[in-house]
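> Model the structure of this input:
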Amino acid sequence: MGERAAGSFRAGSRRWFAVRAQQIWCRVVADTPVPRSGIPLRILQGRRSSIGVTSPEMAISNRSHPTTPGGIRMPNDLPEVQERPGLRPAPPPGGPPMADVWVYNGRAYDLSDWISKHPGGAFFIGRTKNRDITAIIAAYHRDPAKIERMLQRYALGRDATPRNIHPKHNAPAFLFKDDFNSWRNTPKYRFDDRNDLMHRVKARLNEPALAARIKRTDRLFNIVVALLAVAYFAVQGLRLLDTRWMPLPAFVIAMVLLRSSLAGFGHYALHRAQRGVNRVLGNSFDMNYVALALVTADGHTLLHHPYTQSDVDIKKNVFTMMMGLPRLYRIPVHTIHKFGHMFTGMAIRIADVWKITRRVGVQESYGSWRAALPHFLGSSGVRLLLVTELVVFTLAGDFWAWALQFIVTLWVSTFLVVASHEFEDDSAEGVEQGEDWGVDQVVHANDLTVIGNRYVDCFLSAGLSSQRVHHVLPFQRSGFANIVTEDVLREEAARFGVEWLAPKSFVADRLPKLCRSYLLAPSRQAREQGWGLIREHCSPAAWKASASYVVAGFVGIGSV
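Predicted coordinates for the structure are as follows:
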């Protein structure tokens with residue numbers, strides 16, 4: 001079979017088309033040389049695909065930072081608990097293809113056949129192939145021991161090796177430090193202590209009174225969201241019908257608050273089981289113009305939450321690209337960049353994800369096209385809605401009202417994204433191996449307050465007001481559930497000697513610090529070269545970087 005795979009390369013054959021597609025891909029979007037040998041970076045062969053390791057979303061993110069060349073996948077008839085060689089980007093260049101392996105507690109498993117069966121949706125399994133899923137399982141399940149027993153059906157009967165873990169978590173390499181290696185640098189926590197903070201809090205969730213209260217508040221949260229969605233369209237309708245009914249200041253303030261609230265709901269929808277209507281509703285995460293849920297759901301739920309403020313946490317890089325711009329250009333250039341994302345860029349990214357999903361295979365990412373379509377339709381629907389709003393307001397002669405709410409929403413939301421963690425503090429204590437995971441989550445998260453009422457702040461902060469509970473219990477379905485669980489976490493944290501700090505004001509505390517760190521700081525190049533203010537803004541390199549940054553937004557490349 002190996003000889004056949006190596007030698008069958010006839011013009012018009014399936015492998016020939018795969019090579020040509022890869023060559024076109026390299027030239028058009030990766031701008032990398034195409035090997036004259038004809039061996040593509042990835043070749044789809046056999047009945048299984050590789051999307052779980054290099055997902056369509058991450059492949060698109062790699063467009064300006066190409067991934068490492070991988071190997072050829074070949075069909076096989078191995079039993080379910082034996083390893084299958086897979087089409088993967090090789091860990092070191094020139095290495096063998098990576099097998100279908102998920103790592104849990106240092107042991108190797110093949111969950112390929114569990115992807116479509118997972119009650120939480122195929123998304124969470126497909127994206128974690130060739131990753132260590134120990135912290136993910138512990139964080140996202142009420143009873144991880146039950147999941148551990150289920151995993152034994154898929155055990156490979158051996159310890160995991162560095163070859164089973166993708167060195168960059170299947171994410172673009174630029175999101176991590178140059179010397180980052182997933183096997184070596186991913187934090188290792190102990191989850192076998194039933195008396196640690198996380199287990200104690202989860203045990204108390206089973207108290208009948210608290211469980212009933214959580215269920216009621218989840219329903220109330222959904223009702224409030226439905227009312228906010230009605231208000232969202234009503235505010236715009238009033239403005240379009242007669243500006244006297246919705247003056248400009250009231251319109252802008254209302255739109256900022258409503259967009260932030262609906263994005264907050266989308267945030268929690270991404271943490272729910274990715275089945276049914278949640279696959280559509282999770283895309284409301286995009287309503288504040290910052291993200292594309294179809295792409296960022298992986299980085300947020302599976303890299304940020306389990307490994308908060310560690311080297312794995314890619315949320316630390318929200319401002320990475322922007323900091324390459326001169327400080328006085330930063331606001332206008334990034335604003336135009338994000339306008340480009342909203343207008344054409346995100347649509348291009350969605351189309352690219354769709355094409356790569358078709359080429360690589362859908363089974364190991366979404367389980368099936370039937371399961372995948374709601375994700376794509378929801379994402380496309382939100383894109384269409386946002387662009388339609390722009391067109392309608394422009395045709396109505398009220399473009400500047402739309403533009404003002406766009407700018408204010410964008411910047412308030414951008415700072416909200418990072419306000420609940422102190423990423424700007426380079427001296428912040430890093431994560432050390434062996435720490436209590438629950439304690440670490442509490443220490444590295446900030447609760448936020450806007451007006452002082454936790455239930456209102458839940459929406460004004462895009463769902464980030466009870467951030468400490470959200471990080472210890474990321475599977476909870478609503479911000480209201482986190483609020484009613486806060487007393488439990490505070491009481492249990494006190495048993496571990498963890499100081500419970502007061503919530504931080506977004507307006508008075510976090511926003512000024514973030515502005516100083518991300519808007520007033522010199523550009524990365526100016527800092528490295530020791531340039532002054534004038535040279536920072538007048539150098540040809542600064543102009544080129546700014547122009548490239550604008551264009552990147554319109555073609556779907558850049559911060560998401």
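
> residue boundaries of the strands in this structure?
Here the chain has its strands, by DSSP state E, at 102-104, 107-109, 155-159, 448-449, 504-505.

> now these in a markdown table, with distance to residue 294, mean neighbour count and mean pLDDT?
Just so you know, the C-beta spots here come from the backbone N, C-alpha and C atoms, and that holds for glycine as well. Formatted as a markdown table, these follow (distance: least, CB to CB, whole Å; neighbours: other CB atoms under 10 Å; pLDDT from 0 to 100):
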| stretch | distance to residue 294 | mean neighbour count | mean pLDDT |
| --- | --- | --- | --- |
| strand 102-104 | 23 | 24 | 96 |
| strand 107-109 | 27 | 20 | 97 |
| strand 155-159 | 31 | 12 | 96 |
| strand 448-449 | 26 | 24 | 96 |
| strand 504-505 | 31 | 16 | 96 |
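
> In JSON lines, list these along with distance to residue 387.
Shown next, in JSON lines, are the strands of the chain (distance: least, CB to CB, whole Å):
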{"stretch": "strand 102-104", "distance to residue 387": "39"}
{"stretch": "strand 107-109", "distance to residue 387": "43"}
{"stretch": "strand 155-159", "distance to residue 387": "47"}
{"stretch": "strand 448-449", "distance to residue 387": "31"}
{"stretch": "strand 504-505", "distance to residue 387": "35"}
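
> so which of the ones you listed gets nearest residue 362?
strand 102-104 (18.9 Å; CB to CB).

> tell me what that closest one is packed against?
strand 107-109, helix 134-140 (3 or more CB pairs under 8 Å, 6 or more residues apart in numbering; DSSP states H and E).

> what's the distance between that strand and the middle of its chain?
Offset of strand 102-104 from its chain centre (CA atoms, centre = their mean, to the nearest Å): 20 Å.

> List of residues touching it?
108-111, 125, 128-134, 137, 148, 151, 160, 164-165 (CB atoms under 8 Å, 6 or more residues apart in numbering).

> if I look at the nearest residue to residue 481 once chain neighbours are set aside, how far off is residue 227?
In this structure, residue 481 finds its nearest non-sequential neighbour in residue 214, 4.7 Å apart by CB to CB, 6 or more residues apart in numbering. Plainly put, residue 214 is 21 Å away from residue 227 if you go by CB to CB, to the nearest Å.

> Who has more neighbours out of those two?
Neighbour comparison, residue 214 and residue 227: the larger count goes to residue 214, with 20 against 9 (by other CB atoms under 10 Å).

> Does the more buried one touch residue 205 like I think?
Yes. Counting by CB atoms under 8 Å, residue 205 is a contact partner of residue 214 at 7.3 Å.

> what is in contact with the two at once?
Common neighbours of residue 214 and residue 205 (CB under 8 Å, 6+ apart) are residue 485.

> I'd like the distance between residue 423 and residue 288.
According to CB to CB, residue 423 and residue 288 sit 19 Å apart.

> So for these two, which residue has more residues nearby?
residue 288 (25 against 21).

> Low-confidence bits of the stretch 251-400 of the chain, can you list those?
Nowhere does the stretch 251-400 of the chain drop to pLDDT under 70.

> quick one: stretch 166-177 to chain centroid distance?
13 Å.

> Stretch 335-351 now?
Centre to centre, stretch against its chain (CA atoms, centre = their mean), the figure for stretch 335-351 is 17 Å.
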